[in-house]
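Asker: Let me see the structure of the following:
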Amino acid sequence: MNGVTVIDHPLVQHKLTIMRKKETSTASFRRLLREISTLLCYEVTRDLELTTMRIETPLEPMDAPTLEGKKLVFASILRAGNGLLEGMLDLVPAARVAHLGIYRDHETLQPVEYYFKAPEDIADRLVIVVDPMLATANSAIAAIQRLKDRGGRNIRFLCLLAAPEGIERFRAAHPDVPVFTAAVDSHLNEKGYIVPGLGDAGDRMYGTK
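Answerer: Numbers count the residues shown, from 1 in each chain. Got it, this is the predicted structure:
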């Protein structure tokens, strides 16, 4: 699919399989999500621009590679996005963080915003938006638009699972925003859940259902 990268690394796929199992405990699900998010972060940042800086090793001076430009922004769609956020911050601890409080109304499946906080200069930074599921895509579309309204221009979306219907709607709304995911599942059911999926990621993370 154009604009969609499926991260099919064996460790990612193995951990995802364990997360899908209905008998996986809350503690194990949360730990696996943190582990897999680090691997996903590695892939979504693979093409970051580098420059060089002069350093001294114990043996001699050298020009060594270092990241160029301002620090990244990780934008978490609350609440489930925080599960991905934590593992990504393990890999890039200096990243700035934005929080977008958006939930899906279970009757209308439409997004409802209740919180937004982001760095002022996101126009000058790469913004990676994280949410475990790209299902109907309503929340993701709203979150990206909110960031664009604030000035965001270089945005990527990272999720654990995606549905074909969600990808189609997301790419139609934001064709300039690439999607990175560990898997594209079969379809959405009548309640807007990804099938076969892994259930509600937020509920399984926090043991709220």
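Asker: okay, CA-based contacts and neighbour counts for the rest of this
Answerer: Will do.
Asker: What number of neighbouring residues does R54 come out with?
Answerer: By other C-alpha atoms under 10 Å, the residues close to R54 number 11.
Asker: next one: the one 3 residues further on
Answerer: The number of residues packed around T57, counting by other C-alpha under 10 Å, is 9.
Asker: Also I167?
Answerer: Residues lying near I167 (other C-alpha under 10 Å) number 21.
Asker: Cross-check the contact I'm expecting between it and A137.
Answerer: Yes. Contact criterion C-alpha atoms under 8 Å: I167 and A137 qualify, at 7.2 Å.
Asker: Now list whatever residues contact both of the two.
Answerer: Contact criterion C-alpha atoms under 8 Å, 6 or more residues apart in numbering; residues shared by I167 and A137: none found.
Asker: any low-confidence regions in the chain?
Answerer: Under the criterion pLDDT under 70, the flagged ranges of the chain are 109.
Asker: can you pull out the helices in it?
Answerer: Using DSSP state H, the helices of the chain run over 10-20, 26-44, 81-91, 138-150, 164-173, 201-206.
Asker: Please identify the deepest-packed of those helices.
Answerer: helix 81-91 (a mean of 21; mean count of other C-alpha atoms under 10 Å).
Asker: Spatially central residue in the chain, please.
Answerer: A centroid search over the chain (C-alpha atoms, centre = their mean) returns V130, at 2.4 Å, as the residue closest to the centre.
Asker: M62: which of the helices of the chain is closest?
Answerer: Closest approach to M62 among those is made by helix 81-91 (24.7 Å; C-alpha to C-alpha).
Asker: neighbouring contacts of that closest one?
Answerer: If you take C-alpha under 8 Å, 6+ apart as the criterion, helix 81-91 is touched by 30, 33-38, 41-42, 74, 76, 95, 130-132, 205.
Asker: R204 and F29 touch, don't they?
Answerer: Yes. Taking contacts as C-alpha under 8 Å, R204 lies within contact range of F29: 6.9 Å.
Asker: Could you tell me the end-to-end distance of stretch 185-195?
Answerer: End-to-end distance of stretch 185-195: 6 Å, with C-alpha to C-alpha, to the nearest Å as the criterion.
Asker: Please point out which parts of it sit buried.
Answerer: Of the residues in stretch 185-195, those buried by neighbour count under the rule 16 or more other C-alpha atoms under 10 Å are H187, L188, G192, Y193, I194, V195.
Asker: and of those residues, the nearest to I155?
Answerer: I194 (23.9 Å).
Asker: ok, now which ones touch the closest one?
Answerer: Each residue near I194 by C-alpha under 8 Å, 6+ apart is listed here: M133, A135, L161, A162, A163, D185, S186, H187, L188.
Asker: OK, contacts around G101?
Answerer: When contacts are counted by C-alpha under 8 Å, 6+ apart, G101 touches I77, L78, R79, E113, Y114, Y115, F116.
Asker: Let me know the distance separating it from K117.
Answerer: Per C-alpha to C-alpha, G101 is found 9 Å from K117.
Asker: quick one on the thing from earlier: how about the helices of the chain, which one is nearest D105?
Answerer: Nearest of those (C-alpha to C-alpha): helix 138-150, 9.9 Å.
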